[in-house]
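In: Got a sequence here, can you model it:
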Amino acid sequence: MKFIRGFLIGVQFFTAIPITKAFPMDAEHLKMTIRVFPLLGLLQGIIYSLTIYLMVEFTPFSHLASAFLLWLVTILLTGGIHLDGWMDASDAYFSYRDREKRLEIMKDPRTGAFGVLSIIILLSSRFLFIYEATSHVQPLLLIMIVSIPFLSKMGLGGLLLTVPSAKQEGLGHLFQTAAKARILWLYPIYLFLFLMAVALMDVRFLLTSVLAVAAGWCLLFCRRKAVKWFGGITGDVLGASVEGTELVLWMTVWLLHYFVMA
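Out: A predicted model of the protein is given here:
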């Protein structure tokens, strides 16, 4: 039961899927939520893949319309929670102030010019990658789309539990106080099972592994820069890391589409 509750807490926090039931927010349930972060991402990825597959196979809509709907779903399904972090972290970073001032800027409910510019660049780039990468929908592409939020949520858990908090408050600190880094032993098992399932489906296993390598690089980059730029993690930094990782993974799929999968 704790497993299911932990998963549903994650759905409540990180998606716009309506779940009205109240769940206990004690340390055990929050710890379980962190353990199932990758499964939450897997659910998101399945929804993304089903969206583009159904649009292409069962509707008369153009490729542009299908790609636009998938792009829209990637925004609406999360309720914009990570996009907010991306904008706040962008405003803070591009202020070029000291760490304390950057943390103050992230707490400011107003969005500055750099936040607006950064969200335009992020979303327009994502649309480009989605539009061109989905020009030919095939099983390998669908698997890769599933893997994008799966891997980004794995990175979210890794960042959350291996980098100290920049402040003793907020959503990031709430989850961090509930668990220790040792619970991350489950993540490599998730990844191994996912890659084995890909191999058994007889699709190009190594290409999917490229995304896992890219996600690992993103985690290392975010761990280093979170401390250097902000003195640790906050909820906004975690949200920005998810969006940044997913953008890199969409770009990787786009590049593979041109140079390998074509």
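In: okay, CA-based contacts and neighbour counts for the rest of this
Out: Fine.
In: Can you tell me which helices and strands the helix or strand hosting residue 245 packs against?
Out: Per DSSP states H and E: residue 245 is located in helix 235-259. Counting contacts by 3 or more Cα pairs under 8 Å, 6 or more residues apart in numbering; DSSP states H and E, helix 235-259 packs against helix 81-93, helix 113-133, helix 139-162, helix 170-176, helix 205-230.
In: 6 Å - rerun?
Out: Judged by 3 or more Cα pairs under 6 Å, 6 or more residues apart in numbering; DSSP states H and E, the packing partners of helix 235-259 are helix 81-93, helix 113-133.
In: Between helix 113-133 and that helix, find me the angle.
Out: For helix 235-259 against helix 113-133, the angle by axes from the mean of the first three to the mean of the last three Cα atoms, to 10 degrees is 30 degrees.
In: Show me which positions of helix 235-259 end up buried.
Out: Under the neighbour-count criterion of 16 or more other Cα atoms under 10 Å, helix 235-259 has 235-257 buried.
In: coming back round to it: among the helices and strands packed on helix 235-259, show me which one is buried the most.
Out: Highest mean neighbour count among these (mean count of other Cα atoms under 10 Å): helix 81-93, with a mean of 25.
In: Please work out the average pLDDT along that one.
Out: Helix 81-93 comes out with an average pLDDT of 93.
In: Kindly report the same for stretch 191-207.
Out: On average, stretch 191-207 scores 83.
In: Equivalent analysis for stretch 98-107, please.
Out: 88.
In: What are the contacting residues of that stretch?
Out: With contact meaning Cα atoms under 6 Å, 6 or more residues apart in numbering, stretch 98-107 is reached by 88, 92, 230.
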